[in-house]
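Participant: Quick check, what structure comes out for this input:
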Amino acid sequence: MSEEKNTYDVIFGTARLSFPHLFQTSVFGGEDTGKYDATFILDKTEHASVIKELKAKIVKLTKEKFKGAALPAERLCLKDGDESDREEYMGAYVLKASTSRKPRVFDGNGQQADESMGLEKAEELFHSGCYVHGKISLWAQDNKFGKRINANLVGIKYAKDGEHFGAPPAAPEEFDVFGDSEDFDEAMNF
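Facilitator: A predicted model of the protein is given here:
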């Protein structure tokens, strides 16, 4: 813990990745947020000790910064996935982390994963549904935007592949039906 900033680091392994924005900042409501972010899905059974650690550190930060005043669930970076409408979050806790600085991102061999490996390849490796190891830093926010317990995204390392959430990405051969034609009706024989 950094006494000066009241932050608590947490490292966890093999969490499912959701909504990653690791190589480009995310866009919300059509606006660039200026932040890199990721959501980690922590299974309630498999990650029970990490969830317990996160909850304890959130309580500690709340006591230190807000004199123990309870914050509503929507003001916490850790949320119960069973209270979500997303199927992939059921039976898990969901941890949202972000940073204004590009996070350290590593492939499965511990090599820096970045645009030098090709943005498309890097984003495909770190897709929604893959498994990663992560490091975050919990901190308390108390400013004009309100009181919250947030997680700063420090680093992430690829662990293993997982089934993509939602529809899988399109493959180039799926568009072969169009050939060299620029006319949709002609290519589709309408």
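
Participant: Go ahead and flag the most central residue of the chain.
Facilitator: Centroid-nearest residue in the chain, with Cα atoms, centre = their mean: Ala38, separated by 1.7 Å.

Participant: Where do the strands of this structure begin and end?
Facilitator: The residue ranges that make up the strands of the chain, judged by DSSP state E, are 7-21, 27-28, 31-32, 36-43, 78-80, 92-99, 104-106, 131-143, 146-160.

Participant: Relative to Lys57, which of the ones you listed is closest?
Facilitator: Each of the strands of the chain was checked against Lys57 via Cβ to Cβ, and the shortest separation belongs to strand 7-21, namely 4.2 Å. Heads up, the C-betas are built off the backbone N, CA and C, glycines and all.

Participant: If you count contacts, what does that closest one end up packed against?
Facilitator: strand 36-43, helix 48-66, strand 92-99, strand 131-143, strand 146-160 (3 or more Cβ pairs under 8 Å, 6 or more residues apart in numbering; DSSP states H and E).

Participant: tell me the contacts of the closest residue to His164 other than its chain neighbours?
Facilitator: For His164, the nearest residue in space outside its immediate sequence neighbours is Gly129; the separation is 4.6 Å by Cβ to Cβ, 6 or more residues apart in numbering. Residues near Gly129 by Cβ atoms under 8 Å, 6 or more residues apart in numbering: 16-18, 88, 162-165.
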